Structures are given as C-alpha cells and as structure tokens.
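**Student:** task: produce atomic coordinates for the following.
(chains A and B)
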2 protein chains.
Amino acid sequence: MDQSEGAGLSTTAGSIFKIIRDQGPLFPTDIVRKTGLAKSTVSVYVDRLIAVGLIREEAKPGGKRRMLKVAESAGYVIGVDLGQTHLNVGLCDLEGEILDSVFGEADLLHETPEAILSRVIEAARNLSSRNAFEASALFGIGFGLPGPVDYVHGVPVSPPVMPGWDRFPVASYLAREFTCPVFVDNDVNVMALAERDKGAAAGERDFLFVKAGTGIGAGIVVDGRIYRGAKGAAGDIGHISVGDDETLCHCGNRGCLEAIAGGRALASLARRSAESGASRFLAARLAEKEEITAELLGRGAAMGDEESLRLLIAAGKRLGDVLAKLVNFFNPSLIVVGGGLSNLGERYIASIRESIYRRSTPLATSDLVIKRSTLGDRAGVTGAAILVLDEIFSQKNVGSLMRNIPS
Amino acid sequence: MDQSEGAGLSTTAGSIFKIIRDQGPLFPTDIVRKTGLAKSTVSVYVDRLIAVGLIREEAKPGGKRRMLKVAESAGYVIGVDLGQTHLNVGLCDLEGEILDSVFGEADLLHETPEAILSRVIEAARNLSSRNAFEASALFGIGFGLPGPVDYVHGVPVSPPVMPGWDRFPVASYLAREFTCPVFVDNDVNVMALAERDKGAAAGERDFLFVKAGTGIGAGIVVDGRIYRGAKGAAGDIGHISVGDDETLCHCGNRGCLEAIAGGRALASLARRSAESGASRFLAARLAEKEEITAELLGRGAAMGDEESLRLLIAAGKRLGDVLAKLVNFFNPSLIVVGGGLSNLGERYIASIRESIYRRSTPLATSDLVIKRSTLGDRAGVTGAAILVLDEIFSQKNVGSLMRNIPS
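**Tutor:** Okay, the predicted model is just below:
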C-alpha cells in the first residue's frame, strides 16, 4: 500500500470512529448514510475497529441487529479537577463516565505544586489498583486547574491565585510517573467539554460555558472544540472592567467583574448585610456563628429574605451586563452557567438572562438560550477525562493507529 | 475504485491543492515534505491538478526547476463591495487579484435592492465583456454588505441601515442572472478575509479585524475561517454599550459604541468644535463651507490642531476600551484596524492600543500586535473575491471535482 492510499484509508477509519464516538450507538446502516461510503467499505472498517478493540457491538434489547459503540471498557483515563479548595481525581471509562473517584480538599494558596501533584499520583495509583486496572490500560490523564494554561506544553502561565505554579511543568511531572500522555488545561475549558458531551450543551457545536464561582471565567467552544486563544487566556472574563465600580481586584486592577460579582465579593456583601442587620436572615446566621458565604444568599432568597434576593439579583445583573457585550461579539446560540454561584437559584439565572436580553442586539438574542449547568461537582473530573478522550481519539490519531495495524 | 478509496484519493488531491493555494508557489519536493506523501503520489496528483487546469507550473527565473501555483487565469470571480455610500464591483483572478473594476456611488438609505442589484449585474457584465471573458469562465460572485447576513441562504437579516433589504434574497437574485454560485456575507467579514490573504494579517490563523468607519464592526477569524455566530451576527460590536454615555443610537438603544465613536459621531463632534471655535482649524474649514467630516480630524491633527487631536484620541480610547474587554475574552494575537477612521493617523491607532494595553490582562496582551490595515478601499472587493475562492476551492470541492474526472 503506498503512503497516499494509507492516508486515505486511515482517514476513513478515523471518520467512522469519530461518528460512532460522537453519535453512537449506531447501526452500520446509519454510518453508511452519514458518510456516503459503500456498505462493504463501512463493514471492512468496522471489523478492523472492533479487532483493535476501539469499538464494540451492543445487542439492542429485543432486536436482532447489533449497534456499534465505543468499547468503553477497553481502557480508562484519569480526570483531575484542581480548584482553589478542592482536589478531585476520578477514574473514567472511554466514554468519560466516572467509575470511581477520590474527592478531597486542597489549599492552592499554601500547598506547593509538588505536594499537590504527589497526592494526584497517589490517588491515581489507588484508583487503578482498587479497580484492578493494569498500568498499560491507562490511556491518559487530563488535568484542569484554575488559571491560564499553555496547552501545548501543559504548564500554567501566570495563574493569579496559585503561587509557585507559574510555568510549573505539570504535564511532564505527571508523565514521568505514568507512561501515558497527560493533557493540562484551564478548569473552565475542561468544564465546557463536560457540558458539550454530558451536560446542558449536549450536541451543540458553538456555545459559551460561564463558570461563576470564586472566580469568573468562560469556556469558548467553536465547532465542537475549545478555543484557547493566543496565550491560552481566552475566556478570562473575570478581569473585564465593569466600568463604574472601583473595587480593587487581586489582579491589581480596579473594577474587575470578578472583584464585584465573584464569590468572594458576594460573601463580603453578605457579611456587610449580616452585620448591619439589613438582612434578618443573614444577621441570624451570623449570630449563630455560621460562616457567611455567597451560598447563603441563595438559601436566604429561597426563604424569602429580600436583602439576599436583592444582592443575588444585583450580582446576576453585573455578570449579565458583561455577557451582553460578549453576546454581541460572539453571537452564541447557547450559554451554560455553571460554578458555585449557579446554585444561587433560578432568580440569579433569570437576572443574568434579563441583563443579556436588555443589552444585546435583538438579532443576537433572538434564539439565544441561557441555562444552568446540571453536572454539579462532577463537571471538572468528567471534563478532564473528555479532554484526554478528545486528544487520543482524534480522527488523526485513530487513523495513524489503524495504519500501523496489518489488515 | 470503490467509494472509500475514492474518498481517500480525492481528499489527497484536495489537500495538495490547498497547500499550493495557501503557500504556493511551491516545488513538488516542498509538497512531499509538507504532506508526508510519497514523491510518486504527489507527482500523480499534481499531474491531474494540472490536467484539469487548477494549478500550473511556473518557471523560476534562472532556474531549471518549476514551481507549482494556482492557475490564476483559468477563470475569474467577481467581488462586490456594497457600502452605505459606495458600490464597488471588481473582476478578480483565481488568486483574488483585481484585474479590472467599476468603483461608484450608492445610496443605501434611498435606493431599492433591485436598483442596486441591477447596477451590480450591469457592472459584472461590462467587466466580463470588456475583458473578453466567456460566461462559463465566471466561477462565482462574492458580495459584502453592511449588515448581518444569514450566510447559508445569502440574505441580509435585520440590517439596521438598509431599508428594504431585510431578507431580500440577494444570492438567488444574482444567481438567476449568472450561472455560477453567489456568496453573500457581512462586509466586515469579507474585509477580514482580504486581510488574511493579502493584508496585515497574512499568514495568521486567528485574529480580529476591526472596521472603524461610519459603522463599527469586527470580523472574527478562527483557524483561518470566519466565525459567523449563530445568526450571522458575530462581530457586531458597534452596539456594545460603553456604559457611561447615553447618546441615542440609530438602533434605538443608548450608549452604543457606534453612536459615540463611529464616523457620524466624530463628524458631529467636529462640527461642534468648528461652530464653537474650539478648533481654529475646523472653524476655518467651516468658514470655507467645507463639509465637516470625521476625516478632517485626521488632517487637523496632522497640522497640529490640538482640538482635532484631542477628539481623535478620545475616539480611539472609546474603541480601545471596548476592544480591551474583547481581548480578555478572545485573546487574539493580532488586531487589524481598518475602515475610514483608521486613516485618522497613527495617534488614533496609538490611542486604541494604549486603552487595550491598559485594561486587558497582561497575559492576553503580552504578544498582542495591533496594526492598521494597508488595503485601503480595495479591501471590500478583494475580500468578496476571496470569499468565493475559499468556497469553490474548499478541500472537499476540489476533491469532488477530481473524483468526477477519469484518471
């Protein structure tokens, strides 16, 4: 077989696998229809993909015909979700489903990268051994962390709240311990992938994922892929200036969205309302020595506390005003809001939605859907696993793999 | 040949053509290196591409070896650039070079679509006949217009300043008169394509093109292609709210960027300074019954008029403040500023640049280049021609073409 035919054939195998991964389970006839390839050709490639263990047949309940899907148990991947205060490590199958996990705490401001990564290594080894997986079955590790990442080299770049992590070689550090590829990305990008495959954006090719939590960030998905920008900093909307508020941000600038509508800002507004008594609900929590957090605003609003409601509506408006500008620029069909603040309740989401509708052009909002993430705290681990799967199962990689296997 | 091999082979032909189109002229050995294909394979496909007339050999001056490039004279395309006050129609070769053109005026507020399109048809026919082209050699027509466009159907959608054009079937209207495909897009997107292939963004895969003129808009290029958004409204930054200015915009909203820093806004500020005598330069122009336009601010500033300089710096700052937010969001490596206001001079561009640097994150601006377009009034026609070439010479189309030709 000359090289050109090899390229053609492996491309075909890659395309067939991609369709099965994205849209499966599928009957062979579905693949014929979707690719325009001859039935006999599809049959040859499907047999080869089964032979190498990438796909498998699944009997349809009650039916005789068999559907094709990713052989999800042919191997596994590890997803790591590192946040300001948590470290979650999950063992996932080849469809990104979490099989087992270790969810724990972390203190990014005070722990060294080495300390945290050694816990990642330990957790990964424990998960593998207690699930009786061979090291060779680990196809890859995905890692999401809360800061900009140079994706090609797998290193954080100037992360604002992770002392010691700037340019720390996360990917190569882990790759030394495991003989599999390691992919590192910003946590918000990783969560966007989880929404694309398992969450509120399932089936969407172009959308924005907005994480509203302690930090505020966006994941931009264009044509099904994360758009990372020139420096891996795309989506860094937490430091967009809101214009009329001069609150100092930890980044050194004033009036950043995150400093005004992020989790810490809301907690501090809530504390003020508790101390002043403007909110009876919050004042009561303070009197009971409860920690005054942003999350309490959601509870307060749900219980009819007007001040809590007022604060969360104002926070939603702040975020919505910034998103309105981005909607004019990017014209997405869908915005998914996740992160801790998305749990503040439907009134918070509604406030974001109203601000966007009011201040974007009618055309850009005519079919715009704004919804809440439903993935909860699994989003980070799931997304990190999907990051790996996207890479190792790219059309090109599957193609190359097939080319190296004798037919 | 079964269909799968056909798909493989035609993909290969498409890939080779794309490399030659994007990077040519090239030696066959360059193509071998860039594709990883066997020398013999490249040779077979190159011969076929030459046989169908898509590429040609070009003798290198003084050398014996021959380079491969697009057969630019194998046909032609027409590029149409419709603006608020101009209608430019150009005859271009298959590399997007303008061979001949008819540049004229238009009055979008008062002329009907039919009146304008009949002038387009007349101009296209004149250009073809005076250059002795057969109708069959016209490969396509590209059309840029100043408003959002439903690209798939080739119709303007809610264009704010084009009465009668909403949903007017521009593409099918022209396709009835010519037996070639017609592609319609927003003028700013089209200008971005011109920058990508012939202008300040040559060789860039991801960048923003900003048109600052009567209107203000952006063209978003991701991985070499225009990102149009869900409704074709992506890049519509002229109606982003600047927050602290309540000037009424023609869109009905208040405080839109365009209403504050667009060409009309600057002309009206200039008129005020002429009338009040705040600018001696502008007052003198007014006394001489010259029309007071935004363009005069550039002339005034160049001649040392402080008020003109102050106004154009303030306008640059307004635009830069909005772009700073988009830089945080999109993290481009390059912003090209075109449109009439870009001719206001280097101080205007510098003011935009300063605002972006001051208010974007350091990471997002660390290697950000902001430069002025150099294409002038050819950008619209050139871009419209390139729009056609991108479509008809897509890898897929070239592949299909090759498949239908007996080897």
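**Student:** can you get me the start-to-end distance on stretch A:86-100?
**Tutor:** Using C-alpha to C-alpha, to the nearest Å, one end of stretch A:86-100 lies 17 Å from the other.
**Student:** avg pLDDT for that stretch?
**Tutor:** Per-residue confidence for stretch A:86-100 averages out to 95 on the pLDDT scale.
**Student:** what segments of the stretch 301-407 of chain A are helices?
**Tutor:** According to DSSP state H, counting those that start in this stretch, the stretch 301-407 of chain A carries its helices in the segments A:306-330, A:346-359, A:362-365, A:379-392, A:395-403.
**Student:** go through those and pick out the most buried.
**Tutor:** Of all those, helix A:379-392 carries the top mean neighbour count, a mean of 26, counting by mean count of other C-beta atoms under 10 Å in any protein chain shown. Every C-beta, even on glycine, is put in place using the N, C-alpha and C of the backbone.
**Student:** tilt between that one and helix A:395-403?
**Tutor:** When axes from the mean of the first three to the mean of the last three C-alpha atoms, to 10 degrees is applied, the directions of helix A:379-392 and helix A:395-403 differ by 50 degrees.
**Student:** ok, back up a step: okay if I get the helices of the stretch 301-407 of chain A as a markdown table plus mean pLDDT?
**Tutor:** Output for the helices of the stretch 301-407 of chain A, formatted as a markdown table (pLDDT from 0 to 100):
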| stretch | mean pLDDT |
| --- | --- |
| helix A:306-330 | 96 |
| helix A:346-359 | 95 |
| helix A:362-365 | 90 |
| helix A:379-392 | 95 |
| helix A:395-403 | 75 |
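**Student:** confirm A:F209 sits in a helix?
**Tutor:** No: the assignment for A:F209 (DSSP: H, G, I helix; E, B strand; the rest coil) gives strand, which keeps it out of a helix.
**Student:** specify the beta-bridge partners of it.
**Tutor:** The partner list for A:F209 in beta bridges (DSSP bridges) reads A:G219, A:V336.
**Student:** show me the contacts for it.
**Tutor:** With contacts defined as C-beta atoms under 8 Å, 6 or more residues apart in numbering or on different chains, A:F209 is in contact with A:V188, A:M191, A:A192, A:E195, A:A201, A:A218, A:G219, A:V221, A:I335, A:V336, A:G338, A:S373.
**Student:** tell me the SS of the closest residue to the fifth one other than its chain neighbours?
**Tutor:** Nearest in space to A:A201, with sequence neighbours left out and distances taken as C-beta to C-beta, 6 or more residues apart in numbering or on different chains, is A:E195 at 4.2 Å. Secondary structure, three-state DSSP: A:E195 is helix.
**Student:** rewinding a little: closest one to A:L109 among the helices of the stretch 301-407 of chain A?
**Tutor:** Of all the helices of the stretch 301-407 of chain A, helix A:379-392 sits nearest to A:L109, with 18.7 Å by C-beta to C-beta.
**Student:** which residue is the nearest non-sequential neighbour of A:L323?
**Tutor:** Using C-beta to C-beta, 6+ apart, the closest residue to A:L323 is A:I356 (5.3 Å).
**Student:** hang on, that neighbour packs against A:V327?
**Tutor:** Yes: between A:I356 and A:V327 there is a contact under C-beta atoms under 8 Å: 5.7 Å.
**Student:** report the set of residues contacting both of those two.
**Tutor:** A:I335, A:T365, A:L368.
**Student:** counting contacts, what elements does the one helix or strand A:L99 maps to pack onto?
**Tutor:** Element membership for A:L99 (DSSP states H and E) is strand A:98-105. In this structure, strand A:98-105 packs against strand A:86-92, helix A:113-130, helix A:379-392, with contacts taken as 3 or more C-beta pairs under 8 Å, 6 or more residues apart in numbering or on different chains; DSSP states H and E.
**Student:** adding distance to A:V155, write the helices of the stretch 301-407 of chain A out as CSV.
**Tutor:** What follows is these, written out as CSV (distance: least, C-beta to C-beta, whole Å):
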stretch, distance to A:V155
helix A:306-330, 27
helix A:346-359, 33
helix A:362-365, 36
helix A:379-392, 15
helix A:395-403, 22
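**Student:** identify whichever of the ones you listed lies nearest to A:R56.
**Tutor:** Taking C-beta to C-beta as the criterion, helix A:395-403 is the member of the helices of the stretch 301-407 of chain A that comes nearest to A:R56, at 15.0 Å.
**Student:** gap between that closest one and the chain center?
**Tutor:** Helix A:395-403 has its C-alpha centroid displaced from the chain centroid by 26 Å (C-alpha atoms, centre = their mean, to the nearest Å).
**Student:** quick check: the residue nearest to A:A201 vs B:A71, distance?
**Tutor:** Shown here: A:E195 relative to B:A71, a distance of 46 Å by C-beta to C-beta, to the nearest Å.
**Student:** those two: which has the busier surroundings?
**Tutor:** Counting neighbours by other C-beta atoms under 10 Å in any protein chain shown for A:E195 and for B:A71 shows that A:E195 has the greater number, 28 against 19.
**Student:** no more questions from me, cheers.
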